[in-house]
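Asker: pasting the sequence and the predicted coordinates here, then a few questions.
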Amino acid sequence: VRDSYSRSLRRQPPTFRTHDGRTLHVRLIRPTDAPLLLDLFDRLSPESRRRRFHAAVEHMPRALLEEEAERLSDVDNRTNGGALLALERVHEDGPRTERAVAVARLMRPALDPHSPEVESAIVVRDDYHGQGVAKELLRRSVLLARQMQAQVIVAEIEADNYPALRAYRGLSLPTTSSTSHGETTLRIAVPQE
Ligand SMILES: CC(C)(COP(=O)(O)OP(=O)(O)OC[C@H]1O[C@@H](n2cnc3c(N)ncnc32)[C@H](O)[C@@H]1OP(=O)(O)O)[C@@H](O)C(=O)NCCC(=O)NCCS
C-alpha cells in the first residue's frame, strides 16, 4: 500500500494497461477538455449516467450540458478542484484523435477554498468496465488529493453500487463508512508524505 502512494502525481507513468491489455494515457484535465467530457457523457449507458450524475441529466438541454462541461473542465488541479482523465488514442478516418474513457474528479466546496476535504466522483465508459480503470484512476486521485493539500477524500455512493464501493475500498486506506437513505458516505484518509 505504501508503495502505491509513495511518489507524487508528477512522477507517475503517463500510461497504464487495462486487464485485457489496452493502453490508456492519463493526464490532468485542462480548460480545453470540455469537448472530451461531452463525448464521454454521450457514450455512457443510461445506468452509468444515472449512477454518476442524477436522473435529471437525461432531460438537460444541450446548451446546459455544454456549459456544465465547460465548468467541469475549468479547474486548477490545486484549489477549486481537479480531475484525471484516462484517454484512448483512436485512428479513425482522418488524423489521430484522443477520446476520454474515464474521469476521476475531486471538488472542493465552492465557498471553502481551504477545506481539508475534497469530494470524489468517478465514471468509466461502459466498454471499459471491469478492466481496472477505476482502480488506477482512484489511486492517482489520492496523489492528486495530496497535491491539492486535502486530508480527506469524501465519496457519496448509492449503497447498492458495489463496483464503486469495491473500487474505493480497494485503495486500502483508512476509511470510515456510514449509510443513510440509501447513500453510503466513505471518508478516506489521504496518506501524507
Ligand atoms: C464504479 C465504476 C467507476 C467502476 O469502474 P471500473 O473501471 O469498472 O472498476 P475496476 O475495474 O477498477 O474495478 C473496481 C472493483 O470493482 C469490481 N467490479 C467491477 N465491475 C463490477 C461489477 N459489474 N460487479 C461487481 N464488482 C465489480 C472489481 O472486481 C474491482 O474489485 P476488486 O479489485 O476487489 O476485484 C464504474 O462501474 C462506473 O463508471 N459506474 C458508473 C458511475 C458510478 O457509479 N460512479 C460512482 C459514483 S460517483
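Answerer: Thanks, I have it.

Asker: what about the strands in this protein?
Answerer: Here the chain has its strands, by DSSP state E, at 15-17, 23-28, 81-90, 97-107, 117-124, 152-158, 175-180, 183-189.

Asker: return the residues of this protein in contact with the ligand.
Answerer: For the chain, the contact set with the ligand under CB under 6 Å from any ligand atom comprises 48, 51-52, 121-124, 129-135, 157, 161-164, 166-167, 170. In short, each C-beta sits where N, CA and C put it, glycine included.

Asker: PyMOL command for the buried members of the residues you listed?
Answerer: Selection of buried members from the residues of the chain next to the ligand for PyMOL, criterion 16 or more other CB atoms under 10 Å:
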select buried, resi 48+51+52+121+122+123+124+131+132+133+134+135+157+164+167
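
Asker: and the residue lying closest to residue 107 once chain neighbours are set aside, how many neighbours?
Answerer: In this structure, residue 107 finds its nearest non-sequential neighbour in residue 81, 4.3 Å apart by CB to CB, 6 or more residues apart in numbering. Look at residue 81: counted by other CB atoms under 10 Å, it has 22 neighbours.

Asker: contact partners for residue 81?
Answerer: Remark: with contacts taken as CB atoms under 8 Å, 6 or more residues apart in numbering, residue 81 is in contact with 75, 105-108, 118.

Asker: per-residue pLDDT, the nearest residue to residue 179 once chain neighbours are set aside?
Answerer: Closest residue to residue 179 apart from its sequence neighbours, by CB to CB, 6+ apart: residue 159 at 5.1 Å. At residue 159, the model reports a pLDDT of 96.
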